[in-house]
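[1] Using only what follows, build the 3D model:
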Amino acid sequence: MSNEEQKVPEVEIEEQAVGEATTEAVEAEEPTVESLTEALAEAEATIADLQKQLAELEPRAQAEILNHRRRAEQEVEKARKFALERFTHELLPVVDSLERAIEAATSEDEAVKALREGVEMTHKMFLDGVSKFNVEVVNPHGEVFNPEHHQAMSMVDAGEAEPNTVVAVMQKGYLLNGRLIRPAMVMVAKG
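    Sure thing, here's the model as predicted:
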């Protein structure tokens, strides 16, 4: 055989191999009904699974949103309710000074009486003003000692007083919306 005859069969074999590969590639690329049906079934199963997960998670997410909203509302309410706490705390020494002025003005002199009346009216107006903002005075004289609202400065012998009762108030305490701003400083009867 000549070289030309030998080359011809090789070309035919190569063309035949390329044709078979192309046919297989085309057949592989073209989806069959069975493969499409399987892919559709898998997609439907995935969708059903995701819908089930969503149905399980949705109530929990809604509950968390409600809880977050409630907590935020409570924080805003607390902020409103106790916004005056620092301001009130700064005003308490003024009230204490007015009370000391009233106690010191014991003279029977007319000028001192007039001064005392003026200070008493100022003190009353001041307490009325802060009471509008839910500031309450804690004056526990004669009451049972309460460590939540009172601070014991000393224990004293008090013959007539019941044990563990407040016999003297050195400084009044104050509450803002039921929260203690300053405890009352007191002397307590010994048991």
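[2] got any ranges where the protein has weak pLDDT?
    Applying pLDDT under 70 to the chain flags the ranges 1-29.
[3] what helix or strand is the residue nearest the centre of the chain on?
    With distances taken as Cα atoms, centre = their mean, Glu75 lies nearest the centre of the chain, 5.0 Å away. Element membership for Glu75 (DSSP states H and E) is helix 33-81.
[4] Summarise which helices and strands that helix is packed against.
    For helix 33-81, there is no helix or strand it packs on, judged by 3 or more Cβ pairs under 8 Å, 6 or more residues apart in numbering; DSSP states H and E. C-beta here means a position set from N, CA and C on the backbone, and glycine is covered the same way.
[5] if we can go back for a sec, how about the residue nearest to the centre of the chain, what does it touch?
    The contact partners of Glu75, taken as Cβ atoms under 8 Å, 6 or more residues apart in numbering, number zero.
[6] Domains in the protein, by residue range?
    Using automatic domain parsing, the domain parsing of the chain gives 3-78, 82-189.
[7] Endpoint to endpoint, the last one covers what distance?
    Between the opening and closing residues of domain 82-189 we find a distance of 34 Å, counting by Cα to Cα, to the nearest Å.
[8] what's the answer for stretch 161-174, then?
    Taking Cα to Cα, stretch 161-174 runs 24 Å from one end to the other.
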